[in-house]
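Got a sequence here, can you build the structure:
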Amino acid sequence: MRAEFATHVPANVSPPPWSSLLADAFCASVPREANAEQQQKEHRNQRQRQEHDELRWVDLSDGASDIIIATRNGQAARFTEREVRAMGRDTMGVTGIRLKGNDEVIGMQVVHDPAAQLLVVTEQGYGKRTDMSDFPIKHRATGGVIANALNEETGAVAAVRLVGGEDEDVMLITEEGTMLRTEVASVNNYRRSSRGVTVMKPADKDRIISIAVFVDNGLPDEADQPDEPGGEE
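Numbering: from 1, shown residues only. Okay, here's the model as predicted:
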C-alpha cells in the first residue's frame, strides 16, 4: 500500500502565505496508501493513483526537512525528504512507509522544528504527546516504529498533529458530530510505546474521526462587536 507527501519552507521559518512562496519551494503529498513524492510547487497537485487510493495530505517544505507518516494501526516512519527526488505532477512517487495487512495512513507532517511533539489521538479518545526525538530518523520505505500502543479500549489511531507552539488548543471531532475543545498542554507527554490517557469519551458506537490544532487569537466574533456610534438602530 502507498502514501504521498509534500515538502515545506525552512524548519526555522513559519510557512508564508501561498502568494509569497519562492519558486523553489516544494509540494509534498501523501495518499492513504504510502508513496511519497516531491514536486515543484508551480505544478498542480495531480496524481496517478492506485485504485481505491486517494490523495489526503499536502504540505510545504524546503526540500531538506524530515517527514513523519503515521498509520491507523499505530506505526510511524520518520525520514529525510532528501530521500525523495522531485518528480512531475503526473507520477506516483515512491514508497514512504510500508503498510501491513489492512493498515492505512492517517496523517503526514513536515517536521519544521525538531523540538516539536507528535500529538496522537485514538478513536476512543486516548491521547498523548510524544517528543519528536523519540522517533528515530530512518530510511523511507520501512515499516516504521511503534507510535502508540493500541487495544480494544483505545481503538485505532484517529489522527496525529505536530504541536509545540504556545497557547495551542485542540478540537476533537466525532463521527456523530460531537466536539470537545481542550488545551494541548493538558494532554500528557508519554513515550512512543504508551497508549496515553483519556482526553475525550465518545458515546457508545461513536468514535473520534478528526482533530484540529489551533491558537485562539482572542478576537471577538463580528456579531459580538458593539455598534459604531451613529449606526443604524
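
Let me see the contact set for the closest residue in space to G164 that isn't next to it in sequence.
Distances taken as C-beta to C-beta, 6 or more residues apart in numbering put A116 closest to G164, at 4.0 Å, once the chain neighbours are dropped. In short, each C-beta sits where N, CA and C put it, glycine included. Applying C-beta atoms under 8 Å, 6 or more residues apart in numbering, we find A116 in contact with M132, L162, V163, G164.

Kindly recompute the last result at 10 Å.
A116 makes contacts with A11, I68, Q109, R129, D131, M132, S133, R161, L162, V163, G164, G165, as judged by C-beta atoms under 10 Å, 6 or more residues apart in numbering.

excluding its backbone neighbours, what's nearest M200?
Per C-beta to C-beta, 6+ apart, closest to M200 is G125, 4.0 Å.

ok so, going back, pick out the most distant pair among the contacts of A116.
Longest distance between any two of the contacts of A116 is 19.1 Å, between A11 and R129; criterion C-beta to C-beta.

what is the closest residue to N188 other than its chain neighbours paired to in the beta sheet?
The shortest distance from N188 to any non-neighbouring residue, by C-beta to C-beta, 6+ apart, is to V197 (5.5 Å). Taking DSSP bridges as the rule, V197 bridges to G127.

Against V163, how distant is V197?
16 Å (C-beta to C-beta, to the nearest Å).

Mind checking which of these two has more residues around it?
The residue with more neighbours, out of V197 and V163 and counting by other C-beta atoms under 10 Å, is V163; that gives 16 against 13.

what's the more buried one in contact with, if anything?
Contacts of V163 by C-beta under 10 Å, 6+ apart are A116, Q117, L118, L119, R129, V170, V184, A185, V187, V213.

shaky segments in this protein?
Residue ranges of the chain with pLDDT under 70: 1-52, 219-233.

what about 90?
Scanning the chain for pLDDT under 90 picks out 1-64, 81, 84-95, 165-166, 216-233.

List phi and psi for E81.
phi -70, psi -10 (degrees, to the nearest 10).

so it sits right up against I69, yeah?
No - with contacts counted by C-beta atoms under 10 Å, E81 stays clear of I69, the gap being 11.2 Å.

who's V145 bridged to?
A76.

Use 114 as the first number for this chain going forward.
Sure, I'll start counting at 114 from here, so that last one is V258.

residues contacting it?
Per C-beta under 10 Å, 6+ apart, neighbours of V258: G187, Q188, A189, A190, R191, D247, F248, P249, K251, R305, S306.

Can you identify the element that follows the host helix or strand of the fifth one toward the C-terminus?
Think R191. Following DSSP states H and E, one finds R191 within strand 188-193. Past strand 188-193, further along toward the C-terminus, the next helix or strand under DSSP H and E is strand 207-208.
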